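J.: Fold the following.
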Amino acid sequence: PIYGINPRLMHLENIALHVASALLIFALLLRLAPSVVKIDERRLTVAAAIGAAAWALSPVHTQAVSYLVQRHTLMSGALVSGSCYCWVRGRKISRGRSLWFAGAGLCFAAAAASKESGFLAPVYWLLAEPLLRSAPAARVNRRFMAGLAGAALMAGATLLAALALSGMLDGFAQTYRELGYGPLERLATEARVVLGYLVTIVLPLPSRLALDHEIEVSTSLFAPWTTAPAIIIILAAVAVAVAAWHRRPALAVCILGFLVSLAPEATIVPVELINDHRMYLAAAFVVPPLAMWAALNLDRRALPVLIAVLALLGGLTALRNRTWQDLIKLWSDSAKKSPALYRPWSNLCGALTDEGEFHRAIPACDAAIRRNPPGPAPQINRGISLMRLGDREQAGLDFAAAAQKWPDSALARFNYGAFLFTVRRGPEALAEISRALELDPFLAPAYLLRARIYLESGNPAQARADLALLLRMYPENEEARRLLEEAGKR
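T.: Predicted coordinates:
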C-alpha cells in the first residue's frame, strides 16, 4: 500500500471491499428476484436488504475479512459480484447494453487477476440465464447462449493454460506424493468438506470456525463411512438442479452456484483440504435466498425475529473477531479445535514466546514437537523460552537439535550460533552465523551478530564490511548504524 504496512488501514480496506460485495449482492437480488416472485417493490427491497445483510453479517466471513492475506478473496469476490451485476443489467435492457457488457468483461478480467476463482465469472453469467428469461429485452437466441457457454469454457481453458505455463500442473504430482494421497482420495474427501461448508453456512456456530481444521482423508467410499453418503448427496443435488433448471430456476441457480463457487479449491488442486475463507462467495447462494424466503413467506409480525437473527449473526461475528484480534487467543482456539495438527501448537508456541509468556510457551512447543513439524520453529522457540527461564543447558540442546535436524534452515543455524555466542564459543558461533547467511543473505540479525563477533575478536574491518552491506539492504536499521560507529572507532 502507498501508506506502508498499516494493519488497521488494511483491515478497513478489507471491510470496504466486503461492504461493496454486500451492496452488489443486494443490487443483484433486486434485479433477479422479480423473475422468481411477484411482489410489490417495497417488500422486495426489504427482503433483499435482509438477504444481503444476513450474508454480510455472517461469521463465516471472519477469516476472509480479518485475515489480511485473504485480500485477494475479497477483491475477487467484489469484482465477480460487480461483473455479474453489469452482466444482468446489460441483459435486461435493449439500448446501451454494450457498455454494461464491457463493464462485466473488465470486472471479470480484474477478478481473474486477483484470484483463480475470478475465472468463474462467465459461469455465473451462464447460471443467471434462467432468471433472465422473463425480461423481454433478455430473450436471446441459441447463438448467444452458445457464445456465452463458449466464454465460460474459454475462461476455464485460460486458467488451465496459466497453470500449465506457470509450472504448477507439473508440481501437482510431487505435491500429492508429499501429501501421501492422490487426486481421487482428495475428491472423495472434498465431498464431505463441501457438505460441511453448507452446514457451517446455515449454522455458523463458533465451534465450526477455525483457522486450521483437522479432517480425515477419505481412503475409500466407506473410510470414513460418511464419504459415500456425501458423494451421493452432492450428485443428487446436481440432478435436482438440472431437473429444476426450467421449472424452478432459482433452486437450480442456488445449488449449482454453491457448488461452482467451491469447485476451484474443492476438486483436484492439491491445496489445503479445508479453509473457512472458501465459503465467501459460496455463502451468497445460500444465505441471501434463505433470508429472502423467510422475509417474504413469514408473517409480517415475524420481522422482529428476522432482525434479531441479524443481530445474532452480527454478535457471533464480533465474538469471532475478538478471537482474531489476539494471536494467542487465535492459535489457542485453533489448537483446541484441531489438537492433532502441528501448526496451531507451533504458532501458539511462537506467539507465547514473543509475548514473554515462557512458562506457557514450553508446553505448547512440546505439543508441536511431538507432532513432527516440518520446520525448526517449535524447537527454536522452546530453546528461547528455556534460555529466558535460565535453563541454558536444555536450551543449548534444543538449539543444537534444531540445527542438526534442519541443517539447511537459516533460522536454526542463526539461533544455534546466537546461543554459542552467549556461552563464549566465538569460533563455533561465527561458523554457524556464516552458514546462516549463506542460506539466507538477507537475514539482518545474523549480520548484526556476526559484526559483534568480529568486533570482540579484534576484526573491526570485517565488522564494518558486514554492517555496510546490511545498511545497503536495510538503510533504516539503527542498530547497524550504532555498531558501525563503534567499529569506526577501533
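
J.: Only C-alpha atoms from now on, for both contacts and neighbour counts.
T.: OK.

J.: for stretch 470-487, how far is the first residue from the last?
T.: Start to finish, the residues bounding stretch 470-487 are 14 Å apart (CA to CA, to the nearest Å).

J.: average model confidence for that stretch?
T.: Averaged across stretch 470-487, pLDDT comes to 88.

J.: what's the offset of stretch 60-75 from the middle of its chain?
T.: Distance of stretch 60-75 from the chain centroid (CA atoms, centre = their mean, to the nearest Å) equals 6 Å.

J.: ok, now stretch 307-322?
T.: With CA atoms, centre = their mean, you get 21 Å for stretch 307-322.

J.: how about Gly196, what does it touch?
T.: Neighbour list for Gly196: empty [criterion: CA atoms under 8 Å, 6 or more residues apart in numbering].

J.: Give me the pLDDT for it.
T.: 96.

J.: distance of it from Ile274?
T.: From Gly196 across to Ile274, the span is 10 Å (CA to CA).

J.: got it, and Asp398?
T.: Using CA to CA, Asp398 is found at 33 Å from Ile274.

J.: What of Gly171?
T.: Relative to Ile274, and taking CA to CA, Gly171 is found at 20 Å.

J.: So for those two, which sits in the more crowded spot?
T.: The neighbour count for Gly171 versus Ile274, taken as other CA atoms under 10 Å, is higher for Ile274 (21 against 12).

J.: residues touching the more buried one, list them.
T.: Val193, His213.

J.: How about the secondary structure of it?
T.: Recorded secondary structure, Ile274: coil (DSSP: H, G, I helix; E, B strand; the rest coil).

J.: Next: Ile215.
T.: Once three-state DSSP is applied, Ile215 turns out coil.

J.: pull the helix or strand with minimum mean pLDDT from the chain.
T.: helix 142-165 (a mean of 68; mean pLDDT, DSSP states H and E).

J.: what's the one helix or strand Ile328 maps to packed up against?
T.: Assessed by DSSP states H and E, Ile328 sits inside helix 327-337. Under the contact criterion of 3 or more CA pairs under 8 Å, 6 or more residues apart in numbering; DSSP states H and E, helix 327-337 touches helix 303-324, helix 342-354.

J.: Select from those the stretch with the lowest mean pLDDT.
T.: helix 303-324 (a mean of 93).

J.: Poorly predicted segments of the stretch 1-150 of the chain, please.
T.: Residues of the stretch 1-150 of the chain that meet the criterion pLDDT under 70 lie in 1-5, 134-148.

J.: for whichever helix or strand comes after the least confident helix or strand of the chain, what is the average pLDDT?
T.: Downstream of helix 142-165, the next assigned helix or strand under DSSP H and E is helix 168-179. In this model, helix 168-179 carries a mean pLDDT of 76.

J.: Downstream of the host helix or strand of Leu467, the next helix or strand is which one?
T.: Leu467 is part of helix 460-473, with elements assigned from DSSP H and E. Downstream of helix 460-473, the first helix or strand assigned by DSSP H and E is helix 478-488.

J.: Next, the buried residues of that following helix.
T.: The neighbour-count check on helix 478-488 (16 or more other CA atoms under 10 Å) flags Ala480, Arg481, Leu483, Leu484, Ala487 as buried.

J.: what do you get for stretch 51-68?
T.: 51-68.

J.: How far does that stretch stretch from one end to the other?
T.: First-to-last residue span, stretch 51-68, CA to CA: 26 Å.

J.: Return the distance of that stretch from the chain's centre.
T.: That offset, for stretch 51-68, works out to 13 Å (CA atoms, centre = their mean).

J.: which residues does Arg382 contact?
T.: Per CA under 8 Å, 6+ apart, neighbours of Arg382: Cys349, Ala361, Ile362, Cys365, Asp366, Ala395, Asp398.

J.: ok, now how distant is it from Phe414?
T.: 15 Å.

J.: ditto for Asn459
T.: Counting by CA to CA, the gap from Asn459 to Phe414 is 20 Å.

J.: the more surrounded of the two?
T.: Comparing Asn459 with Phe414 by other CA under 10 Å, the one with more neighbours is Phe414, at 28 against 15.

J.: The more buried one: which element?
T.: helix 410-422.

J.: List the buried residues for that helix?
T.: Ala410, Leu411, Ala412, Arg413, Phe414, Asn415, Tyr416, Gly417, Ala418, Phe419, Leu420, Phe421.

J.: which residues touch the second one?
T.: With contacts defined as CA under 8 Å, 6+ apart, the neighbours of Leu411 are Pro376, Ala436.

J.: pLDDT value on it, please?
T.: 95.

J.: same question, the last one
T.: Looking at Phe421, its pLDDT stands at 94.

J.: Okay, buried residues for stretch 291-310 please.
T.: Ala291, Met292, Ala294, Ala295, Leu296, Leu306, Leu310.

J.: can you put those residues in JSON lines and add distance to Val46 and secondary structure?
T.: As requested, the buried residues of stretch 291-310 are exported to JSON lines (distance: CA to CA, whole Å; DSSP: H, G, I helix; E, B strand; the rest coil):
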{"residue": "Ala291", "distance to Val46": "11", "secondary structure": "helix"}
{"residue": "Met292", "distance to Val46": "9", "secondary structure": "helix"}
{"residue": "Ala294", "distance to Val46": "12", "secondary structure": "helix"}
{"residue": "Ala295", "distance to Val46": "8", "secondary structure": "helix"}
{"residue": "Leu296", "distance to Val46": "9", "secondary structure": "helix"}
{"residue": "Leu306", "distance to Val46": "11", "secondary structure": "helix"}
{"residue": "Leu310", "distance to Val46": "13", "secondary structure": "helix"}
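
J.: Of the residues you listed, which pair is most distant in space?
T.: Using CA to CA, the buried residues of stretch 291-310 span at most 15.7 Å, a distance reached by Leu296 and Leu310.

J.: From the chain's centroid, how far away is the helix or strand containing Ile15?
T.: Using DSSP H and E, Ile15 maps to helix 7-32. The chain centre lies 17 Å from the centre of helix 7-32; the measure is CA atoms, centre = their mean.

J.: again with stretch 194-213
T.: 14 Å.

J.: end-to-end on that stretch?
T.: Termini of stretch 194-213 sit 13 Å apart (CA to CA).

J.: List the buried residues for it?
T.: 194-195, 197-198, 200-201, 204-205, 208-213.

J.: Restricted to strands, list those.
T.: Among the buried residues of stretch 194-213, none falls in strands (DSSP state E).

J.: List the ones among these that fall in helices.
T.: Counting by DSSP state H, the buried residues of stretch 194-213 place Val194, Leu195, Tyr197, Leu198, Thr200, Ile201 in helices.

J.: Just send these back as JSON lines, with distance to Tyr454 too.
T.: Output for these, formatted as JSON lines (distance: CA to CA, whole Å):
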{"residue": "Val194", "distance to Tyr454": "58"}
{"residue": "Leu195", "distance to Tyr454": "60"}
{"residue": "Tyr197", "distance to Tyr454": "57"}
{"residue": "Leu198", "distance to Tyr454": "61"}
{"residue": "Thr200", "distance to Tyr454": "58"}
{"residue": "Ile201", "distance to Tyr454": "59"}
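
J.: Which of those residues sits closest to Thr323?
T.: Thr200 (18.0 Å).

J.: how about that closest one, what does it touch?
T.: Val60, Arg208, Leu209.

J.: My guess is Trp100 contacts Arg89. True?
T.: Yes - using CA atoms under 8 Å, Trp100 is in contact with Arg89, at 6.5 Å.
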